[in-house]
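**Q** how would this look folded up:
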Amino acid sequence: MIYSKLRELGADFLLLLVAIAWGSTFFIVQDAVDETPVYTFLFWRFFCAGILMALISYKQIKYLDKEVLKAGSLLGLFMFLGYAFQTFGLKYTYSSTVGFITGLNVIVVPFASYLIFKHKASVFSLLGAVIASIGLYFLTSNSEIGFSLGEFYAFICAIMFALHIVFTDTLSKKYNIFLLVTIQFLTVALCSLIGGALMGNSLIPPQMNETFINAIVITVIFATIFAFWVQTAMQRFTTATKTAIIFTMEPVSAGVFGYFFAGELLSVSQLCGAVLILGGMLMAELGSYFAIKYRKQAIEETFL
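**A** Next up, the predicted model:
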């Protein structure tokens, strides 16, 4: 039991690093899409990530079959829709705003997980999700935010990422992780290629400059290959609801990086929201720990 809890804590810590990696790239992506069409940027990001991941995973090809192809494609579709709406949102509002609203998937995940797979979240996880949601409210309650086109795109993005978390929770336990991640990336690249063609976008970036190259390199390595492999691998050892709560640290890190590197402002209410999100994460983490400890003591006392 102790080993299982330590493994869960390790998984949660790595998922926290994923949230930080995603949040740190918001303003980088925003600068890139100011000069490059959304689908063009998404294609090169996920095509490069898919090729690199395929090279890493070549020994796993023996596990490729129709079922893992379907599973990876489904996750890739959710991922594509999430990133497409998120990247479009970055064209119409602040990177920190998009990051904050993306974190609203913490509200959707527990309900979607129960409705689709009948997975019940613990009381502590649900309470942590509520606290994190309140934190997100404070993070988004400043005078600069309304419900414009950018916020709408970000909200649809939140729903897609919630579905991605819920289905990853189940599919990562059934199929080869390397193949799941590789197929996801290539699915996103293919969907971006089709979307770009329908919108008349060229695959060749208008400006192959330092901004574009830096954005591709950073997002491919840290926010794509590292982040999604860790998420897929680590969700086997924790729950979808806890994963969603941990990922609410993404908008917090987006706000912090936006403040220090992009000149965006953080209000007192946003800082309070960040503290609440951290509190929600700790509630889910420590609550589950004490619940297990209490059950263990109760069992020991029963046999005394």
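
**Q** and the host helix or strand of Leu163, what does it pack onto?
**A** Per DSSP states H and E, Leu163 falls inside helix 149-171. For helix 149-171, the packing partners by 3 or more C-beta pairs under 8 Å, 6 or more residues apart in numbering; DSSP states H and E come out as helix 66-90, helix 95-102, helix 105-117, helix 240-247. Glycine gets a C-beta too; all of them are placed from N, C-alpha and C.

**Q** average pLDDT for the first one, rounded please.
**A** Looking at helix 66-90 alone, the average pLDDT works out to 91.

**Q** now do it: distance to the chain's middle.
**A** Relative to its chain's centre, helix 66-90 lies at 12 Å (C-alpha atoms, centre = their mean, to the nearest Å).

**Q** just the third one next, same as before
**A** The gap between where helix 105-117 is centred and where its chain is centred comes out at 15 Å by C-alpha atoms, centre = their mean.

**Q** returning to that earlier point: now the helices and strands packed on helix 149-171 as TSV including distance to Phe185 and mean neighbour count?
**A** Formatted as TSV, those follow (distance: least, C-beta to C-beta, whole Å; neighbours: other C-beta atoms under 10 Å):
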stretch	distance to Phe185	mean neighbour count
helix 66-90	7	21
helix 95-102	19	29
helix 105-117	20	20
helix 240-247	19	28
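
**Q** now those helices in JSON lines, with distance to Gln30?
**A** As requested, the helices and strands packed on helix 149-171 are arranged in JSON lines below (distance: least, C-beta to C-beta, whole Å):
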{"stretch": "helix 66-90", "distance to Gln30": "5"}
{"stretch": "helix 95-102", "distance to Gln30": "5"}
{"stretch": "helix 105-117", "distance to Gln30": "20"}
{"stretch": "helix 240-247", "distance to Gln30": "19"}
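
**Q** hmm, back to that, in the helix holding Leu163, what counts as buried?
**A** 150-171 (16 or more other C-beta atoms under 10 Å).

**Q** low-scoring stretches of the stretch 1-150 of the chain, by residue?
**A** Applying pLDDT under 70 to the stretch 1-150 of the chain picks out residues 1-3, 95-96, 99, 140-147.

**Q** ends of stretch 258-272, how far apart?
**A** 17 Å (C-alpha to C-alpha, to the nearest Å).

**Q** use 31 as the first number for this chain going forward.
**A** Okay, residue one is now 31; in that scheme the one you just asked about reads as stretch 288-302.

**Q** show me the one of the helices and strands packed on helix 179-201 that comes nearest Thr55.
**A** Thr55 lies closest to helix 125-132 among the helices and strands packed on helix 179-201, at 9.1 Å (C-beta to C-beta).

**Q** which other residues reach stretch 276-291?
**A** Contact with stretch 276-291 is made by 42, 45-46, 48-50, 52-54, 56-57, 124-126, 128-133, 135-136, 162, 165-166, 169, 191, 195, 294-296, 300, 304, 307-308, 310-311, as judged by C-beta atoms under 8 Å, 6 or more residues apart in numbering.

**Q** try 7 Å
**A** 42, 45-46, 49-50, 52-54, 56-57, 125-126, 129-130, 132-133, 136, 162, 166, 169, 294, 296, 300, 304, 307, 310-311 (C-beta atoms under 7 Å, 6 or more residues apart in numbering).

**Q** ok, stretch 224-243 next?
**A** Asp61, Ala62, Glu65, Thr66, Pro67, Tyr69, Thr70, Phe73, Ala114.

**Q** mind listing what's buried in it?
**A** Quick answer for stretch 224-243 (16+ other C-beta under 10 Å): Gly225, Gly226, Asn231, Pro235, Thr241, Phe242.

**Q** now these as TSV including distance to Ser152?
**A** Below are the buried residues of stretch 224-243 laid out as TSV (distance: C-beta to C-beta, whole Å):
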residue	distance to Ser152
Gly225	39
Gly226	43
Asn231	45
Pro235	46
Thr241	44
Phe242	44
